[in-house]
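> Sequence first, then the predicted structure, then my questions.
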Amino acid sequence: MMPRPTPPNDEAHLSRGWDSDDLIELKHVEQVVEVCRTGAITDAARNLSLTQPALSKSIARLEQQLGVQLFDRGGGSVRPTRYGQLLADKGPALLGSASALRQEIALLATGASGRLRMGAGPASRIKPLKALIPAIVQKFPLLKLEVREENGDSLVQAMAEGRYDIVFSYYESARPFGELMRVKVVEDRRAAVVRPGHPALDLRRALTPRDLLKFPLASAGSIPAFREWAGVMSPEELRNAGAILCEDYDIIADCARTSDAIAWGPRFAFEGPLGRGELVEIAITWPAKYACWMLTTEAHWKLPVVKAIAELAKSLAPREAAPVAIAGA
């Protein structure tokens, strides 16, 4: 029979610092717990889908590894020693924690749990995030979401620095970061909107850059495509192009509703005041469209949750509105 050391503290003896070869495997804990529960190696082996000799050898190896005897054997039954009983008492909690950890890892791998950091620009906050966030919460109730708003250029830079997992922004802001994965989730035309009775409506044609820049513009910021369309601008046109810069489209719309400023941006940002007749859309000769892209790294794109969010975002995308009818044309 193996010697049975009697250290002052049994628990401390079983939890002393071992080398990696001395670490107790979860299967050993499960075996000891089952033997204690059934009181017989044969019954425990059957419940664990093992042969009796295999279970006996496994427990013997564990006893040798620990340097203590876990069971008294004799008379056709086995009885736990105080070491075996200690392991059996603490084993179920350990096995339960391990099972919960495995489940949490599996949930995280599929995107059903864990933390996801998302960033959005002024327009993408409206579409798709306003509908997307509730959809994500419903589909992944255990997922912790952290959502912040910044302008497009700052968003993409922040993600490249590791501060976001996913960002929603316009395509131009991602051009310097060719390694990013891109998924188009929203597309709409860029709209110019004015108050009813605005002088620009008297032109009764689609506005050229020269027409548009006679008035102050209210927008979330200029983009390269707009500057290319506008061409060389006079000092007055430059002032008007950047007259009102704001990241809140409600405020941008209010500027157009209460003055001669022309608000411009993705049409869906003005759906409310357009539907109520507070603003009127005017046609412009600029053919460029607004596109919101979901941007992420190649590593994050491998996560099922990220791909699922991309599909959700695309499914919630608005349909592009009908072309603008030019008044009096």
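Yep, that arrived.

> mind checking which helix or strand the most centrally placed residue in the chain is in?
Nearest to the mean C-alpha position of the chain, counting by CA atoms, centre = their mean, stands residue 116 at 3.6 Å. Using DSSP states H and E, residue 116 maps to strand 113-120.

> what about that strand, distance to the chain center?
3 Å (CA atoms, centre = their mean, to the nearest Å).

> follow-up on the earlier one: okay but the residue nearest to the centre of the chain is in contact with residue 164, surely?
No. Using CB atoms under 8 Å as the test, residue 116 is too far from residue 164 to be in contact (9.4 Å). In this view, the C-beta of every residue, glycine as well, is placed from N, C-alpha and C.

> Strands along the stretch 151-300 of the chain, start to end?
Counting by DSSP state E, counting those that start in this stretch, the stretch 151-300 of the chain has strands at residues 166-170, 181-194, 217-219, 244-245, 262-266, 280-282, 289-296.

> ok, the fifth one: who's next to it in the sheet?
When pairing is defined by DSSP bridges, strand 262-266 lines up against strand 181-194 (antiparallel), strand 217-219 (parallel).

> okay, those strands, which one's buried deepest?
strand 217-219 (a mean of 24; mean count of other CB atoms under 10 Å).

> average pLDDT for the strand holding residue 116?
Computed over strand 113-120, the mean pLDDT rounds to 83.

> now swap in stretch 133-146 and tell me
Mean predicted confidence for stretch 133-146 is 89.

> Identify each buried residue in it, please.
136, 140, 143 (16 or more other CB atoms under 10 Å).

> End to end on that stretch, go ahead and measure it.
10 Å (CA to CA, to the nearest Å).

> check contacts around residue 71.
Counting by CB atoms under 8 Å, 6 or more residues apart in numbering, residue 71 makes contact with 35, 59, 78, 79, 80, 81, 84.

> Which ChimeraX command selects the buried ones in those residues?
Command for ChimeraX, covering only those of the contacts of residue 71 found buried under the criterion 16+ other CB under 10 Å:
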select :35,59,78,80,81,84
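
> Take the contacts of residue 71 and keep only those in strands.
Using DSSP state E, 78, 79, 80 are the members of the contacts of residue 71 that sit in strands.

> Which stretches in the stretch 1-150 of the chain count as strands?
71-74, 77-80, 113-120, 142-149.

> Turn the ones you listed into a markdown table, columns for distance to residue 182.
Converted to a markdown table, those look like this (distance: least, CB to CB, whole Å):
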| stretch | distance to residue 182 |
| --- | --- |
| strand 71-74 | 62 |
| strand 77-80 | 61 |
| strand 113-120 | 15 |
| strand 142-149 | 20 |
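
> Residues in contact with stretch 162-170: which ones?
Contacts of stretch 162-170 (CB under 8 Å, 6+ apart): 116-121, 123-124, 128-129, 148, 152, 155-156, 158-159, 185, 223, 290-297, 300, 306, 309, 313.

> try it again with 6 Å
116-121, 124, 152, 155-156, 158-159, 292, 294-296, 300 (CB atoms under 6 Å, 6 or more residues apart in numbering).

> of all the ones in strands among the contacts of residue 71, which comes closest to residue 28?
Distance ranking of these against residue 28, using CB to CB, places residue 80 first at 13.8 Å.

> how about that closest one, what does it touch?
With CB under 6 Å, 6+ apart, residue 80 has these contacts: 36, 71, 88.

> Once you drop chain neighbours, what's closest to it?
residue 36 (5.1 Å; CB to CB, 6 or more residues apart in numbering).

> Could you report the pLDDT at that neighbour?
pLDDT at residue 36 comes out at 90.

> where in this structure is pLDDT low?
1-22, 75-76, 99-113, 171, 174-177, 318-329 (pLDDT under 70).

> Helices of the protein, start to end?
10-14, 26-38, 41-47, 52-66, 82-110, 129-139, 152-160, 209-212, 224-230, 235-241, 249-258, 271-275, 298-301, 304-315 (DSSP state H).

> okay if I get those helices as JSON lines plus distance to residue 180?
JSON lines is the format used below for the helices of the chain (distance: least, CB to CB, whole Å):
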{"stretch": "helix 10-14", "distance to residue 180": "51"}
{"stretch": "helix 26-38", "distance to residue 180": "40"}
{"stretch": "helix 41-47", "distance to residue 180": "52"}
{"stretch": "helix 52-66", "distance to residue 180": "50"}
{"stretch": "helix 82-110", "distance to residue 180": "22"}
{"stretch": "helix 129-139", "distance to residue 180": "19"}
{"stretch": "helix 152-160", "distance to residue 180": "7"}
{"stretch": "helix 209-212", "distance to residue 180": "31"}
{"stretch": "helix 224-230", "distance to residue 180": "18"}
{"stretch": "helix 235-241", "distance to residue 180": "29"}
{"stretch": "helix 249-258", "distance to residue 180": "25"}
{"stretch": "helix 271-275", "distance to residue 180": "29"}
{"stretch": "helix 298-301", "distance to residue 180": "8"}
{"stretch": "helix 304-315", "distance to residue 180": "12"}
